[in-house]
Structures are given as structure tokens and as C-alpha cells.
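Novice: curious how this folds, go ahead:
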Amino acid sequence: MKIAIASSGLGHVFRGVEAWAFDTAEALVGKNVDVTLFAAGKMKSDRLDAEGRLVVLPCVRRNDKKARHFSAMMPPFAWRWGLKTEYGWEQASFWRHLWPQLAEGRFDILHVQDPMLAFWCRKCRKLGLVKTVEILAHGTEEPVKFLAQFDHVQHLTPWHLNEALAEVKHIVNRQRLALIEKEWSAIPNFIDTSIFSPDGRSESLRTRFGIPAGSFVVGTAATVKRGHKRIDYLIQEFAELLRGNRSCLPADPYLLIAGGGHPDSKGLIEMAERLCGDRVKIVLDIPRNEMPDFYRSLDVFVLASVFEMMPISVLEAMASGLPVIVHKWPSIEWMKGEEAGASIDMSRSGELAGCLADLKPEWVEWHGRQARERAVNVFSKEKVIKEYIAYYEQIMQNTP
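Specialist: Next up, the predicted model:
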């Protein structure tokens, strides 16, 4: 069984999708699976490099002028192939170099979270250009109508799988539905709980960014933008916290934000300085190898999104022994479980500020321990990778 893991953003984009691809390939190598990681940029991996299993392919990157030009020039109907967006062009140009690699290497399975890589693999498989079977790990909020074309979709939570099955039965015929019900799965993202752990609580990043020792640090890891990640809401709620009663917090609070850059980032940094002064620290594009220390420098983790698929940052925070405060959204609440933190209505102004103001040291400590326990028991690399391998074996057995 030969497995390909691929990501058109890996090497130049910092998101959960790219982190998933890198971590999955390394974890599969550790289980002696014949796997190759296809990326779009150079990176350091002692395990993958030593095995010769890291292949860098060229592509038109989503932030390049070429990608913007090509997507703007395409006719309206090109959306069907993902060619009306810069991200779609990135994936299509990456696929142009990936499919000969799959054909030559006779890979059995391509496992991806980039949706159009799965799309192009399916198209080329139907044309006989590759024999590789695609698995789309559904982490990018594609509509069920798009998902229905794939035989193998890895949903990230049981809720997502159930919701998709309830909707897809109105789209496909009975024969197709029977196949989908048999072949679609619910397997979560995973976390290396030996790397992301509470061991050795870190003051290094606090010192680096001028946060006094002993301060109470609220943190998040997300692309620094408005819209989906709602960093503006987080800053506004933290500003409200600073204006209100903070008597129950163990020390004056700080907000530490780490994430990828975005056109919104500059304005959000200015907004944070205007509303909160030096109490908010925003770090763009922090190296991935520094992320364990980032989480160890926090006391509590907040995700301000009001909907998500399965954000790896929440798993990283839980594994690091942090209580997580999230919106009342089914998939995120399932990740958190009953005792790993709090679920609140972040669509309401003042809700997060009030929650943070009510935190007590004993609540933080107890829920942090529960978060670590759930991460180890449900989302550890050892547990989830076994589920991946079992899914691969099932596909191999059911594929002619």
C-alpha cells in the first residue's frame, strides 16, 4: 500500500490544512507506512528527508499576481473547476505536477484536505490517467453537493458525517447512497501529545513580547483576519474586559494572538493598539516549531469563530493543558467534550468579556487537566493514525 499526502500550500501557507498534511505524513512514516509527502515549498523534516519521502512541486501560489490574473481572466463557468479563485489556481497548477508523480509512483491512495486536489484526482482517475484513489479529508467547508461526487470522504467529527448523510440522501440515487454510507467515515484530526504538552510551562515568549511574569495570558492561534476568524471580535471583547471588573483574575490580563498574515492584519494590529495599548500582542507567521512554547505561555485559549470544521489549534491548546473557550457550535463542542473548557454564545457582544471576567484560578487549573486528558484519550496521534491505516486498508479491500 503506497500512500501520497499532498498540500498545495505546504511550505508557504500557515494553516491547519498544511499542518495536517505535514503531521500526517510524519506520523505514517513512524508506523512504517510507505508514504510520500508532496509539498509546494522546502521545509525541514529529519524523518521525511532521511527516508527520501518529501517531494517539492512547483505551483502558482495563491498570493501571486499570476493567480489573481488567471482567476480574473477565466469565464464565469470556470468556477466548476475551481479556476475562478486564486486558491483554485494554486491547486490546479500543483496538480499538473502531482499527477505524473502519482502515475509513475503507482500510488494507491491520495489523502488530502485541499478539495480541488481531490477533485482533479477523481477527474484524472476517471480518464485513466492515474489509478490512485482519492480521500478528501473534509476540513474546508465544501457543500455536500460537491462532496457527493467522492467515494471516500473523511469527515472530521461524527456530527459532520451525520449532517452530510442527512443532506446527501436528497441528492444521489439509492445505489450511490448505499456506497456513500459504506465508504464515508468520521475520523478526527490528531495531535502529537508528546510535542504539545503542558510540560515545562514557558515564560520565553512572554519575556520576548514584554508580558510581565505572572500575568494572566489569554491567547488564540488563527489567521489574523476579520470574517471567519473574528479577530476583531476577540480584540473588542478583550478591550471590554480591560474596562470592566477583573478582580477574580489572578493578575492583569494580556492577549497574545499568533497566526498567519492577511490583508486585514495591519488594520487589526492598529485596532488592538488603539483599544488595548500594549495589552495585546499580535505575532504574525510564528514558526511552527515555536508553537508548543506559544501554548505553554498561555493560561487559557479562546477561539472566536462561530463555526468551524475541526480547528487543529483547539487540539494543540487542549493537549498543552489549556482550558478552551469556544462558541456553541456542535463540532467544536464535541472536540471540547464536557469538561475541557466552556462553550458560550460568541455571536453576542459582551459574552466573551463576561466569561473571561468570571474565570477563577481553580476553574482554569481543573479544566486544563481535563482538556489534556481528552486530547490524549481521543485525539492522540497513536489512536487516530491507527484509524487512518484501518480506513486505507478498507479502501484497498473494496477497490477493484
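
Novice: what about V60, how many neighbours?
Specialist: 23 (other CB atoms under 10 Å). For the C-beta atoms, the positions are set from N, CA and C on the backbone; glycine is no exception.

Novice: show the pLDDT at it.
Specialist: On pLDDT, V60 comes in at 86.

Novice: ok, and the closest non-adjacent residue to it?
Specialist: Using CB to CB, 6 or more residues apart in numbering and skipping residues adjacent in sequence, the residue nearest V60 is S93, 4.2 Å away.

Novice: wait, that neighbour touches C59, no?
Specialist: Yes. Between S93 and C59 there is a contact under CB atoms under 8 Å: 4.4 Å.

Novice: mind listing the strands for the stretch 301-400 of the chain?
Specialist: Listed in chain order, the strands of the stretch 301-400 of the chain (DSSP state E, counting those that start in this stretch) span 324-327, 341-344.

Novice: the last one pairs with which strands, and in what direction?
Specialist: Strands adjacent to strand 341-344 in the sheet, as given by DSSP bridges, are strand 324-327 (parallel).

Novice: Provide the contact partners of the partner strand at residue level.
Specialist: 300-307, 314, 317-318, 332-333, 335-336, 340-347, 352, 355-356, 371 (CB atoms under 8 Å, 6 or more residues apart in numbering).

Novice: for the stretch 151-300 of the chain, which spans come out with low pLDDT?
Specialist: Residue ranges of the stretch 151-300 of the chain with pLDDT under 70: 201-202, 245-251.

Novice: show me where it has its helices.
Specialist: Counting by DSSP state H, counting those that start in this stretch, the stretch 151-300 of the chain has these helices, from start to end: 158-168, 174-183, 204-208, 231-243, 265-276, 291-296.

Novice: got the angle between the second one and helix 158-168?
Specialist: So the one you mean is helix 174-183. 170 degrees (axes from the mean of the first three to the mean of the last three CA atoms, to 10 degrees).

Novice: got the buried residues for helix 174-183?
Specialist: L177, I180, E183 (16 or more other CB atoms under 10 Å).

Novice: can I get that helix as CSV, trimmed to CA atoms?
Specialist: Only the C-alpha atoms of helix 174-183 are listed here, as CSV (Å, rounded to 0.1, in the frame of the first residue of the first chain):
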residue,chain,number,x,y,z
ARG,A,174,-30.2,4.8,-3.8
GLN,A,175,-27.2,2.9,-5.2
ARG,A,176,-24.9,5.9,-4.8
LEU,A,177,-26.2,6.5,-1.3
ALA,A,178,-25.5,2.9,-0.3
LEU,A,179,-21.9,3.3,-1.4
ILE,A,180,-21.5,6.6,0.4
GLU,A,181,-22.9,5.3,3.6
LYS,A,182,-20.4,2.4,3.4
GLU,A,183,-17.3,4.4,2.4
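
Novice: packing partners of that helix?
Specialist: Judged by 3 or more CB pairs under 8 Å, 6 or more residues apart in numbering; DSSP states H and E, helix 174-183 is in contact with helix 158-168, helix 381-398.

Novice: tell me which of those helices lies nearest to D34.
Specialist: helix 381-398 (10.7 Å; CB to CB).

Novice: what sits up against that closest one?
Specialist: 1, 3, 23-24, 27-28, 30-31, 33, 108-109, 111, 133, 135, 152, 154, 182-183, 185, 187-193, 377.

Novice: which one's more surrounded, S93 and C59?
Specialist: Between S93 and C59, counting by other CB under 10 Å, C59 is the more crowded of the two (25 against 21).

Novice: nearest residue to the more buried one other than its sequence neighbours?
Specialist: Per CB to CB, 6+ apart, closest to C59 is F94, 3.8 Å.

Novice: could you tell me which residues make contact with the spatially closest residue to E290 that is not a sequence neighbour?
Specialist: Nearest non-adjacent residue to E290, counting by CB to CB, 6+ apart: L205, 7.5 Å away. Counting by CB under 8 Å, 6+ apart, L205 makes contact with I211, L256, E290, D293, F294, S297.

Novice: thinking again about what came up before, and the residue nearest to V60, helix, strand or coil?
Specialist: helix (DSSP: H, G, I helix; E, B strand; the rest coil).

Novice: could you do the one 10 residues further on as well?
Specialist: A103 carries the three-state label helix when classified by three-state DSSP.

Novice: do I have it right that it meets G128?
Specialist: No. In this structure, A103 is not within contact of G128 by CB under 8 Å, at 9.9 Å.

Novice: coming back round to it: mind checking how far the residue nearest to E290 is from S7?
Specialist: 27 Å (CB to CB, to the nearest Å).

Novice: and for the residue nearest to C59, the neighbour number?
Specialist: 27.

Novice: and for E338?
Specialist: 9.

Novice: ok, now how distant is it from H367?
Specialist: For E338 relative to H367 (CB to CB), the value is 10 Å.

Novice: same question, Y391
Specialist: Taking CB to CB, one finds Y391 at 32 Å from H367.

Novice: show me which of the two is the more surrounded one.
Specialist: Legend: neighbour count by other CB under 10 Å for Y391 and H367, higher for H367 (23 against 18).

Novice: you'd agree the more buried one is up against G337?
Specialist: No. H367 lies out of contact with G337 (CB under 8 Å); the separation is 10.5 Å.

Novice: what is the neighbour count of the closest residue in space to Q149 that isn't next to it in sequence?
Specialist: Residue nearest to Q149 in three dimensions, not counting chain neighbours: R122, with 6.6 Å by CB to CB, 6+ apart. R122 has 20 neighbours, counted by other CB under 10 Å.

Novice: repeat that for L161.
Specialist: L161 has 19 nearby residues by other CB under 10 Å.

Novice: same check, this time on D23
Specialist: So D23, with other CB under 10 Å, has 20 neighbours.

Novice: how confident was the prediction at it?
Specialist: 89.
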